[in-house]
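> Everything below, folded, please.
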Amino acid sequence: MSKVLVTGATGFVALHVIGQLIEKSYSVIGTVRSQAKADKLYKQFKERFGDDVDLELVIVQDIAAENAFDNLFKTHKDIGAVLHTASPFSETETDDFEKGYKQPALEGTKNVLSSIKNFAPQVKKVVVTSSMATIMNFDKLADPTFTHSEDVWNPLEWEQCQDNWLMAYVSSKILAERAAWDFVKENKVNFSLTVVNPPYIYGPQYFDEDAKGKLNTSSQIMMDLISSSPDDSHLFNEHVMVSTDVRDVAAFHLIPLEREGVEGHRLLPIAENFSSQKILNLINEQFPELRGKIGKGDPAGESTIQGVTWNNDETIKLVGGYDFIPLKKQVYDSVKQVLDARNS
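Alright, predicted model coming up:
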């Protein structure tokens with residue numbers, strides 16, 4: 001079986017992708033930014049799968065640098081598929097939106113596709129991790145007559161970002177995904193392209209020990225709720241969106257490798273709507289030991305929060321049906337892992 005390249009191997013989604021690939025006996029190459037990160041991952045995966053785990057890690061320090069992936073594809077002629085997951089998403093403000101968001105997302109995507117075209121004609125399938133942010137129309141989130149689906153695009157332009165880091169992130173994802181589709185359209189390539197557009201991603205870290213450190217941006221919302229004040233009775237409606245479990249998002253990256261008919265499509269993996277209050281209700285319900293120690297909010301008020309209207313019937317049809325991990329389990333597995341890590 002030919003090798004599968006996973007860029008951004010240390011990422012929240014990428015670790016689950018690599019784990020699922022290994023479990024299915026794929027040979028995997030991952031890119032990391034430093035030898036220290038490679039050493040840590042080797043140690044973690046060997047502890048889980050044994051010393052003979054079929055995983056190689058290659059250092060690509062800066063995916064936005066010109067020709068960043070050229071040497072990798074020149075020296076690894078057995079790569080048959082590429083899963084490009086590398087792209088930043090962090091609620092860390094930066095004054096340089098170009099360097100912090102646009103360049104890694106846009107140039108990183110263009111670089112990997114260009115290197116495949118120039119040096120890896122044997123690559124037949126490419127999957128790019130995008131985001132539902134490229135679909136969301138933020139002025140329509142509370143409009144029940146507007147449906148977000150696979151054929152909808154976010155109209156945001158880079159020039160509209162100004163001093164808003166979140167808009168810069170969203171715009172960078174739009175630019176990167178459009179660049180991927182344009183590249184395939186404008187160049188004679190040997191590979192098919194599939195794009196995965198996940199919304200907020202919950203679920204456990206792939207390695208339990210990582211639950212002790214800094215979590216991905218989506219998961220941090222949940223962790224903030226378990227640090228809320230027990231006296232807080234306001235309606236927690238700061239975050240109202242849709243979510244998917246990281247294990248399902250990872251599975252959607254493998255589907256294009258194993259199923260025909262998804263090529264040339266966006267895949268929109270959505271489990272269900274959530275709000276901060278809905279998550280808080282589930283935490284209090286499933287973790288009685290936290291009751292009275294964290295906020296309760298306004299449990300009944302959760303039903304009054306207007307959710308996002310969406311439809312991913314086309315995705316479900318393309319992948320031949322799919323049962324998503326429900327929000328209740330997403331919350332339970334995420335919170336339990338963190339609590340166990342804190343108590344270990």
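> Check the gap between the nearest residue to residue 292 once chain neighbours are set aside and residue 224 for me.
Excluding its sequence neighbours, the residue lying closest to residue 292 (CB to CB, 6 or more residues apart in numbering) is residue 230, at 5.6 Å. In this view, the C-beta of every residue, glycine as well, is placed from N, C-alpha and C. To residue 224, residue 230 is 14 Å away according to CB to CB, to the nearest Å.
> Send me the longest helix anywhere in the chain as PDB with only the CA atoms.
Secondary structure of the chain per DSSP state H: the longest helix is helix 165-186. Provided in PDB are the C-alpha atoms of helix 165-186 (Å, rounded to 0.1, in the frame of the first residue of the first chain):
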ATOM      1  CA  TRP A 165      -8.300  38.300  14.300                       C
ATOM      2  CA  LEU A 166     -11.300  36.000  13.900                       C
ATOM      3  CA  MET A 167     -12.300  37.500  10.600                       C
ATOM      4  CA  ALA A 168      -8.700  37.200   9.500                       C
ATOM      5  CA  TYR A 169      -8.700  33.500  10.300                       C
ATOM      6  CA  VAL A 170     -12.000  33.000   8.500                       C
ATOM      7  CA  SER A 171     -10.800  34.900   5.400                       C
ATOM      8  CA  SER A 172      -7.600  33.000   5.300                       C
ATOM      9  CA  LYS A 173      -9.500  29.700   5.200                       C
ATOM     10  CA  ILE A 174     -11.700  31.000   2.400                       C
ATOM     11  CA  LEU A 175      -8.700  32.100   0.400                       C
ATOM     12  CA  ALA A 176      -6.900  28.800   0.900                       C
ATOM     13  CA  GLU A 177      -9.900  26.700  -0.100                       C
ATOM     14  CA  ARG A 178     -10.600  28.800  -3.200                       C
ATOM     15  CA  ALA A 179      -7.000  28.500  -4.100                       C
ATOM     16  CA  ALA A 180      -7.100  24.700  -3.900                       C
ATOM     17  CA  TRP A 181     -10.200  24.500  -6.100                       C
ATOM     18  CA  ASP A 182      -8.700  27.000  -8.600                       C
ATOM     19  CA  PHE A 183      -5.400  25.100  -8.700                       C
ATOM     20  CA  VAL A 184      -7.100  21.900  -9.800                       C
ATOM     21  CA  LYS A 185      -9.200  23.800 -12.300                       C
ATOM     22  CA  GLU A 186      -6.300  25.700 -13.800                       C
END
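> Residue 83 bridge partners, please.
When bridges are called by DSSP bridges, residue 83 pairs up with residue 6, residue 127.
> wait, it sits on residue 9?
No. Using CB atoms under 8 Å, residue 83 makes no contact with residue 9, being 10.0 Å away.
> Who has more neighbours out of those two?
Neighbour tally, residue 83 and residue 9, criterion other CB atoms under 10 Å: the higher count belongs to residue 83, 29 against 26.
> Test for you: state the pLDDT assigned to that one.
Predicted confidence (pLDDT) for residue 83: 98.
> Could you pull up the residues touching it?
Residues counted as contacts of residue 83 (CB atoms under 8 Å, 6 or more residues apart in numbering) are 4-7, 14, 17, 126-127, 129, 253.
> Residue 5 now?
Here residue 5 is in contact with 28-31, 72, 76, 79, 81-83 (CB under 8 Å, 6+ apart).
> For the buried ones among those residues, write the corresponding ChimeraX selection.
Buried subset of the contacts of residue 5, written as a ChimeraX selection, criterion 16 or more other CB atoms under 10 Å:
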select :28,29,30,31,72,79,81,82,83
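> follow-up on the earlier one: just checking, what packs against the longest helix of the chain?
helix 108-119, strand 125-129, strand 192-196 (3 or more CB pairs under 8 Å, 6 or more residues apart in numbering; DSSP states H and E).
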